[in-house]
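In: for reference, the sequence and a predicted model appear below.
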Amino acid sequence: MTRRSMAWVIIVLLAIASLGVAAFDDGVPRTEAERTQALAQRFACPECDGQSVADSNASVAANIRELIRSEVAAGATDDEIRDRLLRAYGTDVLLNPPATGVSLLIWVLPAVVVVGAVGALVSIALRRRTHTLSTDDDRRLVDAALRTREWTER
Amino acid sequence: MNSVLGYLFTMVGLTSSVVGALAGFYALRSGQLRLLRMVRQWSWLVLVAGVGCFVVMEVALFQRDYTVSYVQQVGSDSTPALFNFAALWSALEGSLILWVFLLGGYLGAVLYKFRDRGNDPLLGWALVTMLGVSGFFYALLAGPANPFVQVTVPLGFVGPGPNPLLQNHLLVAFHPPMLYLGYVGFTVPFAFAIAALATGRLGEGWLVETRRWTVIAWGFLTMGIVLGAWWSYEVLGWGGYWAWDPVENASLLPWLTGTAYLHSVMVQERRGMLRVWNLSLVCATFCLTILGTFLTRSGVVESVHAFSDGAIGPWLLVFFAAVAGLSVGLIGWRGDELRSPGSIDSIRSREAAFFANNVLFGALAFVILLGTVFPLLAEAYDGTRLTIGRPYFDSLGRPIAFVMLFLMAAAPVLPWRKASSELLSQRLFWPAVIGTGSMVLTLLLGGRGLWAVLTFGLGGFAAGAAGRQVVLATRRQGWRGLVGRTNGGMIVHLGVVLVAVAIASSETYKTDRTATLLPGESMSVGDHQFTYLELGADENDRRSRVYALVEIDGEDIYAPSIVRFRQQGMSLATPSVRTGLTEDVYLVLDGVPDENDGPIRLRVILRPMVSWLWAGGILMGVGTLLAVFPGKRRRGTDAVSAPVEAEELAGV
């Protein structure tokens, strides 16, 4: 094992370890205030064009923040708070569209497009690979051209 | 007087755009290239008309000429000069004047740059396309969005002035023009792409001609977006800079496709691949600028930017459909000639990295487009009312952004065609050390959170790769190692890393507290102590202001305020921000008491490293300037993809 590959092993191990430490201690809200804040970021202020309850200065947002705070203090779970807000304000309070009905599309379509694009790329790359440049003469010409370009660009 | 003059310039602009475009079309179809001289003359006239419209409207604004309908809408006796100047783009009709003014400017720049290529059909078709676009916008100005209508002035009229949000901060003078310079600038590469399709000169010629134009438009758009984020942060008082508002998204969409294009174009230049894709990206970018204008200016979406004026919505939608249809049609028509000769040899090559880059930028653009227009479509389909906000864009955008950061580290060190493991291990070594080092450092400093730490790691990795490139280039070439497309591009990458780090830390380590305080009372947030001293007030003939004096850590005194604009009867909570290298302290007055010694509601937001975002934006702008810095003169030709004599090659 060369010195560089040993160094690489150390780098990769250190990176994995760091991510592990970071993830172990990750964003789980500890205090009630933090939990209120985290929850407030997940709901929309019904009157302010898609701003979250946490961001908005509108009075309705302040009311919802207060409601979340009191529910958190009373020990309600996240789902209970969500249901409570849904009953009080309707679906306008959801920042994240539900994965049902028409709005399921908004989650499915990106996946379909990404998978499709990657698939198309891979298939193009594979198909092209089977009949690439035909003769050695072609190859030489291309290499000469590339050399010329690199030379002139320098 | 101003109405008549303004309308006259509008009609000159409309007539010369239409006549010029038709004359050019005829000349090019019939092969009478001498007639193209006429097109150039009409184009100059379009520039004159654009400048005319702009100047007349500014003069009318400064003269408080309320007989002009637009001045009656946004002018006022009490608006200060700077905001009065910026009032031109503070509503729908005026922003169209800015549009035709800038388009005229780009037209003039193209005419000047290509002044010795007058009879070239490629230039001819490009001019025809640009004249067609300007004809459309002049038609809007002449008809449904005419700002120069002559109206009677009510007795004692002093004018409402622009929207209070648009006369509250210096940045309104810069953000919209920058953004429009970007939007409108993409007309140039689009026009040359259409010209390439129309003439059948589909090689790399048109690309090389327009690449600097594209980079410049991209740079302006970047600055426009960053300045918009800054404005939002300094003015709107919510402590954030990006709300995933439909109109913000609309500005990001052409930026994403434009960025994808700036990268994929290099694959075509070097390897002759991706011709259809590049043409599509250029056309898509232009289409998205029109779609963005539609979203902003038609009132179909609820947004802080929407002027909610429905008159021109259908026009813009029709224009969008026409441009998209024309692009798709032309590309389909030339499809056979667009087959590209090259292929990818290895996944570990720069071209493969650019392919992946394009998939990612395309996917991100798709996600944002979907999230932006889906609520509209769903409501039209079955009346469902949806809000799609930050969690959606975060959850889909974040993974894409991480892979992008990784590619930003790997791609610059990858050679074309194929890289060996040995080479990668050598070139990526120091970047990897920097990346891992920044993760370890974050943990040692007490930073936690998987997403943030991962961003710092990948950011350090990418910065290392970009920095390595810059260091090598400057060592070899001196100061010239900082200019040119590749080196400037690396500076832009460094700016992107700063932006990514700023977003990650300011989102992850944000603290947000609201408290009710009586004079003399204190609250502590994070490591800071905030003491509310007293309430103050002042006023002038435009606005009245109530401010709270708040002492931070017993040193600095800041004054978040609530400003009430008289004419509009609208109040704004104007934040007071202590900007620092590592942390911003953001104070907002949520509520003021009726009596002076009553309690205030004070909101305190601590956001680390927000200023890195602006620094990163500025660095991206600087990098763009360096990238277009005129280097050695090289004239683009079509020769790269045209048949070349073997001796000619071997002879060099």
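Out: Thanks, I have it.

In: show me what contacts residue B:96?
Out: Applying CB atoms under 8 Å, 6 or more residues apart in numbering or on different chains, one finds that residue B:96 lies in contact with B:137, B:140-141, B:145, B:147. For every residue, glycine as well, the C-beta is placed using N, CA and C.

In: cool, residue B:600 as well?
Out: Here residue B:600 is in contact with B:516-517, B:532, B:535, B:548, B:589-593 (criterion: CB under 8 Å, 6+ apart).

In: any of the residues you listed buried? List them.
Out: Buried residues within the contacts of residue B:600, counting neighbours by 16 or more other CB atoms under 10 Å in any protein chain shown: B:517, B:532, B:535, B:548, B:589-593.

In: out of the residues you listed, what pair is the most spread apart?
Out: By the measure CB to CB, B:535 and B:590 form the most distant pair in the buried ones among the contacts of residue B:600, at 13.8 Å.

In: would you reformat the buried ones among the contacts of residue B:600 as TSV and include distance to residue B:325, secondary structure and pLDDT?
Out: Formatted as TSV, the buried ones among the contacts of residue B:600 follow (distance: CB to CB, whole Å; DSSP: H, G, I helix; E, B strand; the rest coil; pLDDT from 0 to 100):
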residue	distance to residue B:325	secondary structure	pLDDT
B:517	60	strand	90
B:532	61	strand	92
B:535	60	strand	90
B:548	56	strand	92
B:589	51	strand	90
B:590	50	strand	83
B:591	53	strand	80
B:592	55	coil	81
B:593	60	coil	81
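
In: so where do the strands sit in chain B?
Out: B:511-517, B:522-525, B:528-539, B:543-552, B:556-558, B:561-565, B:570-574, B:576-578, B:583-591, B:600-608 (DSSP state E).

In: which one of these lies nearest to residue B:67?
Out: With CB to CB as the yardstick, what comes closest out of those is strand B:561-565 (24.3 Å).

In: per-domain residue ranges of the chain.
Out: The chain I'm using is chain A. Using automatic domain parsing, the domain parsing of chain A gives A:3-93, A:101-153.

In: wrong one, I was asking about chain B
Out: According to automatic domain parsing, the domains of chain B span B:1-162, B:164-338+B:351-408, B:511-608.

In: can you say which of the ones you listed is nearest to residue A:51?
Out: Comparing the domains of chain B by CB to CB, domain B:164-338+B:351-408 comes nearest, at 5.9 Å.

In: distance between the closest one and the chain's centre?
Out: 8 Å (CA atoms, centre = their mean, to the nearest Å).

In: straight-line length of it, end to end?
Out: 41 Å (CA to CA, to the nearest Å).

In: how far away is residue B:589 from chain A?
Out: Look at residue B:589 and chain A: by CB to the nearest CB, to the nearest Å, they are 10 Å apart.

In: name the helix or strand for the residue of chain A most remote from its centre, please.
Out: Ranked by distance from the centre of chain A (CA atoms, centre = their mean), the top residue is residue A:137, with 47.9 Å. According to DSSP states H and E, residue A:137 maps onto helix A:136-153.

In: now do the helices in chain A.
Out: Remark: helices assigned in chain A by DSSP state H are A:3-24, A:32-40, A:59-73, A:78-89, A:105-130, A:136-153.

In: now those helices as JSON lines including distance to chain B?
Out: Output for the helices of chain A, formatted as JSON lines (distance: least, CB to the nearest CB, whole Å):
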{"stretch": "helix A:3-24", "distance to chain B": "4"}
{"stretch": "helix A:32-40", "distance to chain B": "6"}
{"stretch": "helix A:59-73", "distance to chain B": "8"}
{"stretch": "helix A:78-89", "distance to chain B": "11"}
{"stretch": "helix A:105-130", "distance to chain B": "4"}
{"stretch": "helix A:136-153", "distance to chain B": "5"}
